[in-house]
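Asker: no sequence for this one, just the structure:
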């Protein structure tokens with residue numbers, strides 16, 4: 001009889017099971033670090049897996065990611081279908097690098113076909129850490145619970161200065177209007193500060209999004225006059 005899969009936060013259990021879980025998590029992180037260490041500077045694109053190729057959200061993600069890839073950044077996503085596929089596809093459209101950090105789910109979410117490299121991760125919190133660790137900007141497209149989780153994780157880490165003040169783009173004013181209204185409500189009730197509204201840009205413009213990323217990350221010395229050859233992003237320094 002095979003041992004049941006150990007789940008995180010499934011209630012009290014023995015120290016032995018907790019120890020085994022910690023070992024599994026460490027192995028997941030090591031696998032992720034080994035797979036992604038030489039990827040070069042990335043921009044993470046988050047969004048729903050449920051949008052088809054003919055969706056405007058898919059088209060926007062593909063076009064925006066292509067423009068970001070032209071700046072020399074690797075496009076990193078959750079590696080699945082929908083917006084993730086569109087973003088990786090946009091990078092490949094311009095011969096940019098395309099990575100995926102794919103979550104292993106019971107419904108068998110497979111990686112999309114536009115990835116140069118990917119790693120399969122069992123735990124959401126490990127995957128989210130890897131997506132944030134290697135990214136110098138975060139693009140939030142239309143999405144669901146997971147996308148909002150990634151958005152607020154990134155903004156919380158920036159707000160609390162656990163990571164540097166990397167640009168956050170919320171793309172799609174109409175889709176996100178209720179979210180922005182709620183953020184404004186948080187400001188009015190002083191649960192966030194006025195300065196926290198500067199942590200993100202809300203836009204419908206690909207040009208404005210790209211310009212914002214370009215302006216914000218100059219301090220990190222990552223921009224070049226021309227996009228370097230694809231091999232540059234995987235060189236070992």
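Answerer: In hand now; what should we look at? Values in this document were obtained by computation on a predicted structure and should not be read as measured data.
Asker: OK, contacts around the residue nearest the centre of the chain?
Answerer: With the centre of the chain defined as its mean C-alpha position, the nearest residue by Cα atoms, centre = their mean is residue 44, 3.4 Å away. Residues in contact with residue 44 (Cβ atoms under 8 Å, 6 or more residues apart in numbering) are 76-77, 131-132, 134-135, 137-139, 150. (Each C-beta comes from the backbone N, C-alpha and C, glycine too.)
Asker: Just want the phi and psi numbers for it.
Answerer: When read as degrees, to the nearest 10, the backbone of residue 44 gives phi -90, psi 130.
Asker: Take the contacts of residue 44 and keep only those in strands.
Answerer: 76-77, 135, 137-139 (DSSP state E).
Asker: Now the lengthiest helix in the chain: buried residues?
Answerer: In the chain, taking DSSP state H as the definition, the longest helix is helix 15-36. Neighbour counts using 16 or more other Cβ atoms under 10 Å place 21, 24-25, 28-29, 31-32, 35-36 of helix 15-36 among the buried residues.
Asker: Mind putting the contacts of residue 44 into JSON lines with pLDDT?
Answerer: Output for the contacts of residue 44, formatted as JSON lines (pLDDT from 0 to 100):
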{"residue": "76", "pLDDT": "97"}
{"residue": "77", "pLDDT": "97"}
{"residue": "131", "pLDDT": "95"}
{"residue": "132", "pLDDT": "94"}
{"residue": "134", "pLDDT": "94"}
{"residue": "135", "pLDDT": "95"}
{"residue": "137", "pLDDT": "97"}
{"residue": "138", "pLDDT": "98"}
{"residue": "139", "pLDDT": "98"}
{"residue": "150", "pLDDT": "96"}
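Asker: which of the residues you listed count as buried?
Answerer: Buried among those (16+ other Cβ under 10 Å): 76-77, 131-132, 134-135, 137-139, 150.
Asker: From those, pick the one nearest residue 197.
Answerer: residue 138 (16.1 Å; Cβ to Cβ).
Asker: Is that closest one in contact with residue 168, as I believe?
Answerer: Yes: the pair residue 138 / residue 168 is scored as a contact, 4.9 Å apart, by Cβ atoms under 8 Å.
Asker: Give me the phi and psi angles of the residue nearest to residue 92 when sequence neighbours are not counted.
Answerer: Taking Cβ to Cβ, 6 or more residues apart in numbering, and ignoring the residues beside it in sequence, residue 92 has residue 114 as its nearest neighbour in space, at 4.9 Å. The phi/psi pair for residue 114 (degrees, to the nearest 10) reads phi -110, psi 30.
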